[in-house]
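# Fold the following and give me the result.
(chains A and B)
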Amino acid sequence: MNEHKICFIICANNDLFFEECVRYIHWLEVPEGMEVELLEIRDAASMAKGYNEGMCSSDAKYKVYMHQDAFLVNKYFISDIISIFKSDKSIGMIGLVGIQKLPESGVMWSGKRVPEVYELEEGWENYRYDQERDGLWEVEGIDGVLMATQYDIPWREDLFDGWDFYDLSQSFEMRKKGYRIVVPVHKRFWHQHDDKPVLSMWNYDKYRKRFLKEYMEK
Amino acid sequence: MEKKDNGKLLDRIEYYLEHPEDERKASMMFSAEEQNILHTIREFEKLRYEMKWENKKPVSKEDNARFIDEIFRKKEKERDISFRLKKGFTDWIDILLKEGGIEAWIDILIWYRLLKEKNLIVDKFWEFPILGTMLKAFIEELRRFDDCGSAISILAVHSLEELTDIYFHLVFLLRRVEYQVEPKDEILDYLVKKRISLTIVDVVLEDARIFDEEKVKRTIIGWVEDGDE
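Below you'll find the predicted structure:
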């Protein structure tokens, strides 16, 4: 594993979004000595399958699995997450949205999520995350919008062959291996996500039941 | 497409809703595409009526599990008809946009409001909240047209795909201004190329997830005033 390399892995099906997402990745400040790799996974059969493909083709120690419609607006994202990983080897995964206690229903958005509300302060443009000062939230699961890892754990493509619950499944797999999952306490947005307030999730229940059977009934 | 022109759309819909059994008159009043939308709405409402269940607040764990299962069971049942209604509506929007003109946009507005009022599909597919924003922009441009005769730039859009594409381009460009990600004057070039008014920009800025609207507005106005076009 290359400890001086970070790889962004994105399953893409829309050029407009993907190009915009990449524009923000290129805009990020890269710490000296770090190499940035970008893997675009086209026509993935499922999120888990696409992410496994990306995971296996990169030797980067740090991997960031993210949605094509998420735009990183924390210019110091790379150094921030690497310093969190380096601060504690037991941290396996970092997210930007997480849930501290997953409800028994498995429905993430019906529980208390972090961050709840951003504290938008004066002078936010100059705000920089500081782990000592700001801290971390310990969570059970994170949202798939962005999942950064420092250890490779296979994604459960055998169970989650669609676009839902791959994120919570991966969170539970990480914790099964004994790793912690955290969300940095941030007071300004680290990312912008252009999802519209729609609740489609046509296959959500199918995967919710699989998730409950695999992780919650044991 | 055979567009019936006997009376304002609102009056025609009102008549249909009051006399759903009058198929003969409906076929005279509405185009085949409009009839398809109305039939699907009726079917959808019938399905919802049949699915009604006692909406009691869950008090126990078992109740809560049943409650959540029930929500998903209903959702599954609404799946096919939701997609059918979406297709009927988006096909009709494309026909109207291709036709262009203020009347066509007003028709889209009426159909959109009807579906929103009935809580059907507009919160299920991402295209519709965007359509909602662009309809707001249309109303604003129409108001300005009435007040001072300024052009209604949104009339130049001729498909739903083009409309959503413009929306996302605009949001992306505005966000780049906010975060100073290659701000330059790409946005001005895009506005000129697509002939998009600042009225549309204002509405999109208000509706999209852009945190520091004031900064973006200030920057763009500064560019325009400096003649940096």
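# Just checking the distance from the host helix or strand of residue B:28 to the centre of its chain.
Using DSSP states H and E, residue B:28 sits within helix B:23-29. In terms of Cα atoms, centre = their mean, to the nearest Å, the centre of helix B:23-29 is set 27 Å apart from its chain centre.
# Please spell out which residues along that helix are buried.
For helix B:23-29, burial by neighbour count (16 or more other Cβ atoms under 10 Å in any protein chain shown) applies to B:26, B:29. No exception for glycine: its C-beta is placed from N, CA and C like everyone else's.
# got the CA positions of it in CSV?
Output of helix B:23-29 as CSV, limited to C-alpha atoms (Å, rounded to 0.1, in the frame of the first residue of the first chain):
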residue,chain,number,x,y,z
GLU,B,23,-65.7,10.6,-21.2
ARG,B,24,-67.2,11.9,-24.4
LYS,B,25,-66.8,15.6,-23.4
ALA,B,26,-63.4,14.9,-22.0
SER,B,27,-62.2,13.5,-25.3
MET,B,28,-63.4,16.7,-27.0
MET,B,29,-61.9,19.0,-24.4
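# elements contacting it?
With contacts defined as 3 or more Cβ pairs under 8 Å, 6 or more residues apart in numbering or on different chains; DSSP states H and E, helix B:23-29 has these neighbours: helix B:9-18, helix B:32-51.
# Low-confidence bits of chain A, can you list those?
Applying pLDDT under 70 to chain A flags residues A:117-125, A:195-200, A:218.
# which one of the helices and strands packed on helix B:23-29 has the lowest average pLDDT?
When these are compared on mean pLDDT, helix B:9-18 scores lowest, with a mean of 83.
# Just want the angle from that helix to helix B:32-51.
Using axes from the mean of the first three to the mean of the last three Cα atoms, to 10 degrees, the inter-axis angle of helix B:9-18 relative to helix B:32-51 is 40 degrees.
# Tell me which residue of chain A lies closest to chain B.
residue A:205 (3.7 Å; Cβ to the nearest Cβ).
# give me the number of residues near that residue?
19 (other Cβ atoms under 10 Å in any protein chain shown).
# buried sites along whichever strand or helix holds it?
Element membership for residue A:205, per DSSP H and E: helix A:204-211. Buried residues in helix A:204-211, defined by neighbour count with 16+ other Cβ under 10 Å: A:204, A:205, A:207, A:208, A:210, A:211.
# how distant is it from the center of its chain?
Its chain's C-alpha centre lies 20 Å from the corresponding centre of helix A:204-211 when counted by Cα atoms, centre = their mean.
# shouldn't residue A:2 be in contact with residue A:33?
No. Using Cβ atoms under 8 Å, residue A:2 is not in contact with residue A:33; the gap is 11.2 Å.
# Which residue of these two possesses the greater neighbour count?
residue A:2 (14 against 7).
# Pull the number of nearby residues for the residue nearest to that one when sequence neighbours are not counted.
Nearest non-adjacent residue to residue A:2, counting by Cβ to Cβ, 6 or more residues apart in numbering or on different chains: residue A:59, 4.9 Å away. Residue A:59 has 11 neighbouring residues, counting by other Cβ under 10 Å.
# Would you agree residue A:59 is in contact with residue A:1?
Yes. With contact defined as Cβ under 8 Å, residue A:59 and residue A:1 form a contacting pair (6.0 Å).
# and residue A:54, what does it touch?
A:7, A:9, A:39, A:41, A:63, A:65 (Cβ atoms under 8 Å, 6 or more residues apart in numbering or on different chains).
# wait, what's in contact with the residue nearest to residue B:157 when sequence neighbours are not counted?
Distance criterion Cβ to Cβ, 6+ apart; nearest residue to residue B:157, sequence neighbours excluded, is residue B:163 at 5.0 Å. Residues in contact with residue B:163, defined by Cβ under 8 Å, 6+ apart, are B:97, B:130, B:131, B:134, B:157.
# Look up phi and psi at residue B:30.
Here is the backbone geometry of residue B:30 (degrees, to the nearest 10): phi -120, psi 150.
# My guess is it contacts residue B:12. True?
Yes. Residue B:30 is within contact range of residue B:12, at 6.5 Å (criterion: Cβ under 8 Å).
# Name the SS class of residue B:175, please.
Of the three states, residue B:175 takes helix under DSSP: H, G, I helix; E, B strand; the rest coil.
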